[in-house]
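**Q** need a 3D model of the sequence below.
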Amino acid sequence: MRANRWMKTGSLAAAKAVATAAVFSLVLGVGTAYAYWSTFGIGSGSATSATMQTVTVDAFIAGDSPATTLVPGSTADVIVRASNPNAFAVQVYSFTANGTATADASHPLCTTTGVTFNAPAAPLTPTVSIPANSSILITLPAAASMSTASQSSCQGAVFQIPVTMAVRK
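**A** Numbers count the residues shown, from 1 in each chain. I've put the predicted structure just below:
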């Protein structure tokens, strides 16, 4: 009977040892996790902020010329000169129509132009960037269309198509 009691006492001691080890492991585990998540560091950083100046779409200048001709019932490329006065490059995001197309001054009888602007999908693909303090020509393929309602007095005219350009830093 003593042997049986010894086993029970030994089993109880072993169980207490296992329970103590488990609690001790749990406490150490929590302590390790706490130490891991309560780290700190030091360092420095800086940032600057500046107001973006207006990036403009300008009329053609000497030497700029379209590569395609607009005729009734078809499309042609739209070419814009974009100027970036900022000290950083900007990315052109989109173009939208901003008014009615008009014919040049040498075609005063061209009052019904039939010309519309077909805005390309935004964001522009491929992307177009304008370097700091510079201007570039941007060609928008097939962005102008001319209906067959255009007057014959519009023949040979150069059309001004007002657009708004959106850019991002």
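**Q** now the strands for the protein?
**A** Using DSSP state E, the strands of the chain run over 56-58, 74-84, 90-97, 102-103, 115-117, 128-130, 134-146, 159-160, 163-168.
**Q** between those strands, which gets the lowest average pLDDT?
**A** Ranked by mean pLDDT, these bottom out at strand 56-58, with a mean of 77.
**Q** other SSEs contacting it?
**A** Secondary-structure packing of strand 56-58 (3 or more C-beta pairs under 8 Å, 6 or more residues apart in numbering; DSSP states H and E): strand 74-84, strand 163-168. Backbone N, C-alpha and C define where each C-beta goes, glycine included.
**Q** pairing partners for that strand, with directions?
**A** Strands that pair with strand 56-58, judged by DSSP bridges, come out as strand 74-84 (antiparallel).
**Q** just the angle for the partner strand relative to strand 90-97, thanks.
**A** Interaxial angle, strand 74-84 versus strand 90-97 (axes from the mean of the first three to the mean of the last three C-alpha atoms, to 10 degrees): 140 degrees.
**Q** export strand 74-84 as CSV, just CAs?
**A** Provided in CSV are the C-alpha atoms of strand 74-84 (Å, rounded to 0.1, in the frame of the first residue of the first chain):
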residue,chain,number,x,y,z
SER,A,74,-12.8,62.5,-89.4
THR,A,75,-10.4,63.1,-86.5
ALA,A,76,-7.0,64.7,-86.1
ASP,A,77,-4.3,65.1,-83.4
VAL,A,78,-4.5,67.9,-80.9
ILE,A,79,-1.2,69.5,-80.0
VAL,A,80,-0.7,71.6,-76.9
ARG,A,81,2.3,73.4,-75.5
ALA,A,82,2.4,72.9,-71.7
SER,A,83,4.6,75.1,-69.5
ASN,A,84,5.7,74.2,-66.0
